[in-house]
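Q: pasting the sequence and the predicted model now:
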Amino acid sequence: MLNTFFDKFIFTNNIKYTHSNFFLMNIPFVIAPVETLIGIAGVNDVEFHKKIYLAVKQSTKDSLFKDLSLTFTEKKKELEFVENFFTASGWGAIQGIDVQFEGKKAIVVVENSPFASALKGKLTFPVDAFLRGTLAGIFSKLFEEDIDCVEVECQALTSERCKFILKPKTEFDFANAIVGQQLTHE
């Protein structure tokens, strides 16, 4: 048994290994040591992290939902699937998603981020550009509007957990240094 989330896919034969590739519901994925991505996440360059964030956000918006066949017609149910998928996949334990559908805002709390744990004390800014980009892409689709994400607490710095704020870019205060480190003001 892998974990309760993936066991369902194994039982229904929706995880396959074909032609030297893994597929979950026909979506290719890899199993890789966290250390392979730590090299990228550990680059001490704010502008580089902004580029990673934007690339991951765009890729998530363009491909992930189509590949997973998520339409967000059943928003809460599909959001729960995404939460379970990322937690079960080892991105850290998503401890809470507080969604304000009418205001197009959300707060996501993650404990035990493998990136933040590995980079604790090594950078001076929040490290989860991959997860920020993924969350921004997910919530952009969910809210049907361009949404951005800022990590306001990071386990790699001084926090016990990672906390992400999601909302339209125009609602972020770019005078705040954390916002300026993570988003491009355009």
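A: Received it, and whenever you're ready, just let me know what you need.
Q: can we go C-alpha only for contacts and neighbour counts from here?
A: Noted.
Q: just the strands in this protein please.
A: With strands called from DSSP state E, the chain shows them at 15-18, 21-24, 27-29, 93-100, 105-111, 148-153, 162-167.
Q: out of the ones you listed, flag the one nearest His185.
A: Minimum separation from His185 across the strands of the chain (CA to CA) falls at strand 148-153, 11.2 Å.
Q: in that closest one, which residues are buried?
A: Asp148, Cys149, Val150, Glu151, Glu153 (16 or more other CA atoms under 10 Å).
Q: now the angle from it to strand 162-167?
A: 150 degrees (axes from the mean of the first three to the mean of the last three CA atoms, to 10 degrees).
Q: elements contacting strand 148-153?
A: Here strand 148-153 touches helix 129-143, strand 162-167, helix 177-182, going by 3 or more CA pairs under 8 Å, 6 or more residues apart in numbering; DSSP states H and E.
Q: of these, flag the one that's most buried.
A: Mean neighbour counts were compared across these using mean count of other CA atoms under 10 Å; the top stretch is helix 129-143, at a mean of 24.
Q: looking at the helices and strands packed on strand 148-153, which is closest to Glu80?
A: helix 129-143 (11.9 Å).
Q: rounded mean pLDDT for the closest one, please.
A: Computed over helix 129-143, the mean pLDDT rounds to 92.
Q: any regions of this structure where pLDDT drops low?
A: Applying pLDDT under 70 to the chain flags residues 1-3, 65-73.
Q: can you spell out the domain ranges of this structure, please?
A: 1-31, 34-182 (automatic domain parsing).
Q: from the ones you listed, which stretch is densest packed?
A: It is domain 34-182: most buried of these by mean count of other CA under 10 Å, with a mean of 18.
Q: ok, the residue positioned nearest the centre of the chain to Asp7 distance?
A: When CA atoms, centre = their mean is applied to the chain, the residue found nearest the centroid is Leu131 (2.7 Å). Computed as CA to CA, to the nearest Å, the Leu131 to Asp7 distance reads 24 Å.
Q: cool, and Val150?
A: On the measure of CA to CA, Val150 and Asp7 end up 33 Å apart.
Q: who's in contact with the residue nearest to the centre of the chain?
A: Trp91 (CA atoms under 8 Å, 6 or more residues apart in numbering).
Q: state the distance from it to Gly103.
A: For Leu131, the distance to Gly103 equals 22 Å [CA to CA].
Q: coming back round to it: for the helices and strands packed on strand 148-153, give me JSON lines that also has distance to Phe22.
A: Shown next, in JSON lines, are the helices and strands packed on strand 148-153 (distance: least, CA to CA, whole Å):
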{"stretch": "helix 129-143", "distance to Phe22": "20"}
{"stretch": "strand 162-167", "distance to Phe22": "29"}
{"stretch": "helix 177-182", "distance to Phe22": "32"}
